[in-house]
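Chemist: sequence first, then the predicted structure, then my questions.
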Amino acid sequence: GILHSLSGTMAISETTVSNVLHMAADEINADGGILGKQIEYIQEDGATDWPTFAEKTEKLLTQDCVAAIFGGWTSSSRKAVKPVVEEYNGLFFYPVQYEGLESSPNIYYTGATTNQQIIPAMDYLASQGVKTLFLAGSDYVFPRTANAIIKLYAEELGIEIVGEEYVPLDRDDWTTQVAKIVEADPDYIFNTINGSSNVGFIKAYYDAGLTPEETPIISVSIAEEEAPAMGHEVTGNYASWNYFQSLDTPNNPAFIEAWQAYPGSSGVTSDPMEAAYISLYLYKALVEAAGSFDVDAINQAALDNEITVDAPEGVVTLNGENHHISKPGHIGRINADNQFDIVWASDGFIEPDPYLEQYSWFPEDVRNALRGPGLSGAPQHRLFHEHAREQKGVNSNGCTDSAAAQRHRAGRLAALDSTRPHPDLRPDGGDQHGARRVHHGRRLHDIPRSARHPRQQHLYPCRVARRLRRRRALGPSAGSRNSPVDVPSPA
C-alpha cells in the first residue's frame, strides 16, 4: 500500500514521494521482485487529513490485505497510522524526518530522527557563532515537539530563543508572526513549517524586508522539490538534511538519472523522496533476510541480521532495536539554481538515537515516560504487543480471517460502554453504518434507546466501533492536529 497526501496542503511535498515509490517498485519488479513475487501497489490519498490516514490504513490492511504500507509525511499522519498498524500487526514505512521520541514494532523510520537532523543543525548554528534564534513552525505535533527539544539544546549551547510562533498547517498568512520576527531581530530563524504554508511564510519574510544576508533561515522541510515552488527566490537560506541532490556518492548519479527519466518525474531529487526510495529497498532486504513476508519474522530478522541498503546517500544500516537507520548529516545553502551547496557534513554516519539517550540535557523522566510504564529502559518495540496475532485475531499479514474476525469483532463491541458518551458522529450521521437512520444534528448516544432503529438498540456496527475506538486512541484533536509530546521547557 502507498499512502500519501495527493491533495490538500501537503500534496506539494508528498506527490513526488509517492511517485518515487512507484519507480522503486518498478525497479524491484524488473529485477525479479521480492522472493520471486512481483510488487502490486494500491495507491491511497491521505488528503492531508489525519483521520483519513487512519481509515485508509485500516482499509489497506483489512480489505486489501497489503503486506506493508509506505507513506506519510507529517507526524500527525504517522501518529494517526501508528495505533492502526499496531492493532492489526501491520507494517508501516515512514520516510520523513521527524521529532523522534518514538519507536514501534510496526513502523520502520527511514527519515532522520532528532539527533540526525535537528541536533546537527543546532551544532552548525553554534559553530557559526549564533547567539539568538527565532522559532517558526506549523501548529501540530512535529514543530512543537521539535522546538521544545531545540529550546532545551539551545540553553545547553548558550543560544537565546527570542521568539516562537506557529500557524496552522492549512493557513499561509504569516504577516503578523513575521512582524514579531522583525522586532526580535534574531541571528537566524529556525523553520519547522511544513507544506504549502512555507510559501506564505517566505512571502511575508521578504515583504517585511528580511534577507538571508541579515536574517537567514535554516529549514528542516524545504528541499529541492519545495525551493522553486516558494514563489520567491530563496537563495542564501539554509536547510538541514541527510541527502541533497548535489551529494557526491557512488549511487547518487544513477539515482538522479533514473528519476529524471521516470514518467511524471519532477526532475529533482530530495531527501524525503530518497528516504522513501530507501524504504522499499529496506523492506525487500528485510523480507529476504526473513525468508518470509510475516511481520514477526521480519522484525526478528531485523534483530538477528545486519540489514543494509546501498542508498543514494550512502550505505545505511538498520538498527534492529529501534527500527531507524544510520544517516549522514548535512547542511546546505540554497543557490540560484534551487540546489544546495553543502557547507557542513557530519563526520561519518550518525547512528539513530530517537530517545536522545546520549544527551544529558534531555529530561530522563520524559524519556522514561515515552518508553511506557514498566519498560525499564528496554527498547519500546520489544515489549509491545507480544502474542499480537493471538490476542487480536489477525493473521501474520495483519488481515482478518473469518474466525479471527468474529472473535475480534466481539471483543471490540464488548469494549464499548453504552453508558458512557462516545465521541461525536457527524451531524448527518455519516460516520454511522445505516446513516439515514440517525436523527439529524444528534449523536447516537443522545438518542433514547426506545427511539432508535431496532438495529441500533444494542451494539454499534463493527465499522462504527472501529472508528469510535480509533478516535479515542487519537484523542479529541484528531480531526485537526495531534498533541505534541510534552517536553518541558528549560527553566
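Modeler: That came through, no problem.
Chemist: check contacts around the residue lying closest to Gly209 once chain neighbours are set aside.
Modeler: Using CB to CB, 6 or more residues apart in numbering and skipping the chain neighbours, the partner closest in space to Gly209 is Val182 (7.4 Å). Backbone N, C-alpha and C define where each C-beta goes, glycine included. If you count contacts by CB atoms under 8 Å, 6 or more residues apart in numbering, Val182 has them with Ala208, Gly209, Leu210.
Chemist: from those, list just the buried residues.
Modeler: Leu210 (16 or more other CB atoms under 10 Å).
Chemist: ok, Pro51 - how many residues close by?
Modeler: 18 (other CB atoms under 10 Å).
Chemist: helix/strand/coil for it?
Modeler: helix (DSSP: H, G, I helix; E, B strand; the rest coil).
Chemist: next one: Phe190
Modeler: Secondary structure assignment for Phe190 (three-state DSSP): strand.
Chemist: over to Ser265?
Modeler: coil.
Chemist: for the closest residue to it other than its chain neighbours, give me its contacts.
Modeler: Once flanking residues are discounted, Ser265 sits nearest to Trp259: 5.4 Å by CB to CB, 6+ apart. Neighbouring residues of Trp259 by CB under 8 Å, 6+ apart: Val20, Met23, Ser265, Thr269, Met273.
Chemist: the fourth one contacts Gln245, doesn't it?
Modeler: So that's Thr269. Yes: counting by CB atoms under 8 Å, Thr269 does reach Gln245; the two are 4.6 Å apart.
Chemist: higher neighbour count, those two?
Modeler: Thr269 (27 against 21).
Chemist: mind listing what that one touches?
Modeler: Per CB under 8 Å, 6+ apart, neighbours of Thr269: Glu224, Tyr243, Gln245, Phe255, Ile256, Trp259, Pro312.
Chemist: which non-adjacent residue is nearest the fifth one?
Modeler: Closest residue in space to Ile256, ignoring its immediate chain neighbours: Thr269 at 5.5 Å, by CB to CB, 6+ apart.
Chemist: quick one: pLDDT of that neighbour?
Modeler: Listed pLDDT for Thr269 reads 96.
Chemist: that one belongs to a helix?
Modeler: No: under three-state DSSP, Thr269 sits outside any helix and is assigned coil.
Chemist: hey, what's in contact with both of Thr269 and Gln245?
Modeler: Glu224, Ile256.
Chemist: quick one on the thing from earlier: could I get the contacts of Val182 as TSV with secondary structure and pLDDT?
Modeler: Below are these laid out as TSV (DSSP: H, G, I helix; E, B strand; the rest coil; pLDDT from 0 to 100):
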residue	secondary structure	pLDDT
Ala208	coil	97
Gly209	coil	96
Leu210	coil	97
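Chemist: in CSV, list the contacts of Val182 along with distance to Ala68.
Modeler: Output for those, formatted as CSV (distance: CB to CB, whole Å):
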residue, distance to Ala68
Ala208, 45
Gly209, 49
Leu210, 44
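Chemist: got a winner among the contacts of Thr269 for most neighbours?
Modeler: Tyr243 (31 neighbours).
Chemist: isn't that one up against Glu274?
Modeler: Yes: Tyr243 lies in contact with Glu274 (CB under 8 Å); the separation is 4.5 Å.
Chemist: partners of the strand ranked longest in the chain, with directions?
Modeler: Criterion DSSP state E: the longest strand present in the chain is strand 340-350. Partner strands for strand 340-350, per DSSP bridges, with pairing direction: strand 327-334 (antiparallel).
Chemist: now the partner strand: mean pLDDT?
Modeler: 98.
Chemist: using CSV, list the CA coordinates for that strand.
Modeler: Provided in CSV are the C-alpha atoms of strand 327-334 (Å, rounded to 0.1, in the frame of the first residue of the first chain):
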residue,chain,number,x,y,z
LYS,A,327,22.3,8.6,8.2
PRO,A,328,24.9,11.2,7.4
GLY,A,329,24.1,14.8,8.4
HIS,A,330,24.4,17.7,6.0
ILE,A,331,23.8,21.5,6.0
GLY,A,332,23.1,23.0,2.6
ARG,A,333,22.9,26.6,1.3
ILE,A,334,20.3,27.2,-1.4
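Chemist: buried sites along it?
Modeler: Quick answer for strand 327-334 (16+ other CB under 10 Å): Lys327, Pro328, Gly329, His330, Ile331, Gly332, Arg333, Ile334.
Chemist: same deal with stretch 272-281?
Modeler: Pro272, Met273, Glu274, Ala275, Ala276, Tyr277, Ile278, Ser279, Leu280, Tyr281.
Chemist: in terms of helices and strands, where is the second one?
Modeler: Just to be clear, that refers to Met273. Assessed by DSSP states H and E, Met273 sits inside helix 271-290.
Chemist: and that helix, what does it pack against?
Modeler: Applying 3 or more CB pairs under 8 Å, 6 or more residues apart in numbering; DSSP states H and E, one finds that helix 271-290 contacts helix 11-30, strand 69-71, strand 92-94, strand 107-109, helix 252-261, helix 295-304, strand 308-311, strand 314-319.
Chemist: most packed of the ones you listed?
Modeler: strand 69-71 (a mean of 29; mean count of other CB atoms under 10 Å).
Chemist: show me what it is packed against.
Modeler: strand 2-4, helix 50-62, helix 75-87, strand 92-94, helix 271-290.
Chemist: so what strands line up beside it?
Modeler: strand 2-4 (parallel), strand 92-94 (parallel).
Chemist: returning to what we had before: got the CA positions of the helix holding Met273 in PDB?
Modeler: C-alpha atoms of helix 271-290 as PDB (Å, rounded to 0.1, in the frame of the first residue of the first chain):
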ATOM      1  CA  ASP A 271      15.800  14.000   1.000                       C
ATOM      2  CA  PRO A 272      12.200  12.800   1.700                       C
ATOM      3  CA  MET A 273      11.800  11.100  -1.700                       C
ATOM      4  CA  GLU A 274      15.200   9.500  -1.400                       C
ATOM      5  CA  ALA A 275      14.300   8.200   2.100                       C
ATOM      6  CA  ALA A 276      11.000   6.800   0.600                       C
ATOM      7  CA  TYR A 277      13.100   5.100  -2.200                       C
ATOM      8  CA  ILE A 278      15.200   3.600   0.500                       C
ATOM      9  CA  SER A 279      12.200   2.300   2.400                       C
ATOM     10  CA  LEU A 280      11.000  -0.100  -0.300                       C
ATOM     11  CA  TYR A 281      14.500  -1.500  -0.700                       C
ATOM     12  CA  LEU A 282      14.800  -1.800   3.000                       C
ATOM     13  CA  TYR A 283      11.600  -3.800   3.000                       C
ATOM     14  CA  LYS A 284      13.000  -6.000   0.300                       C
ATOM     15  CA  ALA A 285      16.100  -6.600   2.300                       C
ATOM     16  CA  LEU A 286      14.100  -7.400   5.500                       C
ATOM     17  CA  VAL A 287      11.800  -9.900   3.700                       C
ATOM     18  CA  GLU A 288      14.700 -11.600   2.000                       C
ATOM     19  CA  ALA A 289      16.600 -11.900   5.300                       C
ATOM     20  CA  ALA A 290      13.500 -13.300   7.000                       C
END
